[in-house]
Structure formats: C-alpha cells, structure tokens
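Trainee: curious how this folds, go ahead:
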Amino acid sequence: MLPAILARCVELVEIEIVADRTADSRCDTGFLRVSRLELRNRYADGSHSAPYPCDIVSRPGSDAVVAVLYERDARAQLAVLLREAPRAPVYLRRNKRFVHPDPREYLSLTEVVAGIVEESDGAGPAGRKLRAAREAHEEAGVRIAAESFREIGGETFASPGTSDEKIYFCAAEADLGAARDAPGDGSVMEEAGRLVLMELGAAIEACRSGAIPDMKTEVALLRLADHLGWLPQLGLFAADLPPELALRYRRLGVDGER
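Mentor: Below you'll find the model as predicted:
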C-alpha cells in the first residue's frame, strides 16, 4: 500500500520568525515553562553530592496521549492513519550549527495522532481513552467511542533529561476512509496539516529509515504490531505461523487496565 493523502489543507512553503522574545521573557511564563534549578543528591550514608544545575521544561497538563488509528482491509492487511503537520522547533534547526550537520529541511513532520491531556478528560485509563477519542476527532475527523480504545503497554517519558512529559499509548480500529475535514484545535499549526494513510509495515520502515523521524510514532507503531500479533517483517499474523513457530511466539505487550 502506497502512502495516500486523505486530506490536504493549505500548502506550507516556509516558517518565518516574526519576532524573538527570548531576551525579554521570563522562563516561568509562556506555553513552555523552564525551571532552572540547582540540585544535589542525598545518599543512604548521609552524604551529599556536589550541587549541579538542572533545567526542566514543562507545560500545563504536560502528559500526552497517543491515539494509534488502524484498520484491516479485505486482505487482512493493516493500515494506519498518520498526521503530517509543521513542527517549528524542528524546522528551525536550519538556523543552528550541529556537530553532525543535517542537510534535511523539516518543513513538516509525520506523526501518530496525539494530544495533551486536559483536566476535563478525567484521571486514569478512562480519562486517557477519552483524550484519545477527542484527538481522533480533532486531528483526524474520525469519531470513535472512548471505550473502543485499548492501552498498548505502559507509559514512557519523551525526553527525561530535560522534560517531565509522560506519553501514554492507546489504539483503536476505525474506518480510516472516513477520515476527512478534521476540525482541528484552532491553532495555526493545524492549518497546514494533512492526513496520511500508510500500510503498517511501510510506516515502521519509514520510521527506521528516518523518513518519519519521530520517536513516539515508531514506538506506537511497533506496539500496535505487537498488540495485534502482526509480524511486519513477514507480512502475516502470528496465528498464521506454522504450528511449531506459533507455539514459540510470545507477545511483548501488556493488556488490561492498570
């Protein structure tokens, strides 16, 4: 299955910096907050480490939920719905120097559907599934009952050296052909977004090759494959393995509510 564009909005050609407010802004204001701390470790024998600096990047309701949307076609092949949208921090790498120069221009990034947990979602698995359902409608125009989502494994930290954000992973089967005219969240970044339908194995390969350079997307797609018992390297389900291999197959996923 070749990637298919299901919905296209305005075409983005460049992201321009209109103003740089860095020098006049406090680190405890704005959408992202930076806590600049001096820490020390306390050990069991009563001693302490030398003080050391630690900056922590946070945002209100910092935890996020991934909503992996998939469907099976008539040939039992698996397709996943991804969203391509501009990501200014990655695009603006072009203005910096890195030890390993990056020749690519990341005008947009392809990712799984995801969003920040909000107070109105509620706590626990039910709240996370509700957020997944809301993001599926908001970002992909797909209506799915919150109860249809399943959590696929435990949570992970996105970048624990600098951020306290935790990511939860949910998945649901849906009619991806109905993904149209997503309402969005009203932000400017949503204006240039589009939906991409890909075969699951091809999407995982795109993550490995760097064509989809988003870590949470690769983790989410691999977890989905394991959750469904799908072996992308072989293009079949574990249930289709020869009996002697099927007996040795063991899923790595964790099912059930926690």
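Trainee: mind listing the helices in this protein by residue range?
Mentor: 88-91, 124-140, 200-209, 215-228, 243-246 (DSSP state H).
Trainee: pLDDT below threshold where in the stretch 151-258 of the chain?
Mentor: 181-186, 189-190, 253-258 (pLDDT under 70).
Trainee: those strands in the stretch 101-250 of the chain, which residues are they?
Mentor: Taking DSSP state E, counting those that start in this stretch to define them, one finds strands in the stretch 101-250 of the chain at 109-116, 150-151, 156-157, 166-173, 194-199, 230-231, 236-237.
Trainee: mind listing what the first one pairs with, with the direction of each?
Mentor: Right, the one you point to is strand 109-116. Within its sheet, and counting by DSSP bridges, strand 109-116 is paired with strand 64-72 (antiparallel), strand 78-85 (antiparallel).
Trainee: quick one: which of these is nearest Tyr168?
Mentor: strand 64-72 (4.9 Å; Cβ to Cβ). Quick note: C-beta positions are derived from backbone N, CA and C, even for glycine.
Trainee: buried residues, that closest one. List them.
Mentor: For strand 64-72, a neighbour-count test (16 or more other Cβ atoms under 10 Å) marks Ala64, Val65, Val66, Ala67, Val68, Leu69, Tyr70, Glu71 as buried.
Trainee: how near is the first one to Tyr91?
Mentor: In other words, Ala64. Using Cβ to Cβ, to the nearest Å, Ala64 is found at 20 Å from Tyr91.
Trainee: got TSV for the strands of the stretch 101-250 of the chain, with mean neighbour count and distance to Arg26 too?
Mentor: Below are these laid out as TSV (neighbours: other Cβ atoms under 10 Å; distance: least, Cβ to Cβ, whole Å):
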stretch	mean neighbour count	distance to Arg26
strand 109-116	21	22
strand 150-151	22	37
strand 156-157	14	26
strand 166-173	21	25
strand 194-199	21	36
strand 230-231	18	48
strand 236-237	16	54
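Trainee: quick one, which of those is nearest to Arg250?
Mentor: strand 230-231 (12.4 Å).
Trainee: direction included, what does the closest one pair against?
Mentor: Partners of strand 230-231, by DSSP bridges, with direction: strand 236-237 (antiparallel).
Trainee: contacts for stretch 115-122, please.
Mentor: 59, 61-65, 67, 127-128, 130-131, 134-135, 138-139, 168, 185 (Cβ atoms under 8 Å, 6 or more residues apart in numbering).
Trainee: residue contacts, Ala239?
Mentor: Gly229, Ala246.
Trainee: kindly report the same for Tyr168.
Mentor: Asp63, Ala64, Val65, Val66, Val117, Arg128, Glu151, Glu155 are the contacts of Tyr168 under Cβ under 8 Å, 6+ apart.
Trainee: and Phe157, by the same measure?
Mentor: Neighbours of Phe157 in contact, by Cβ under 8 Å, 6+ apart: Ser163, Asp164, Glu165, Lys166, Ile167.
Trainee: which strand residues bridge it?
Mentor: Lys166.
Trainee: ok, now how distant is it from Val90?
Mentor: 19 Å.
Trainee: sorry, back to before: go through the contacts of Tyr168 and name the one nearest Glu244.
Mentor: The closest of those, once distances to Glu244 are taken by Cβ to Cβ, is Glu151, at 31.9 Å.
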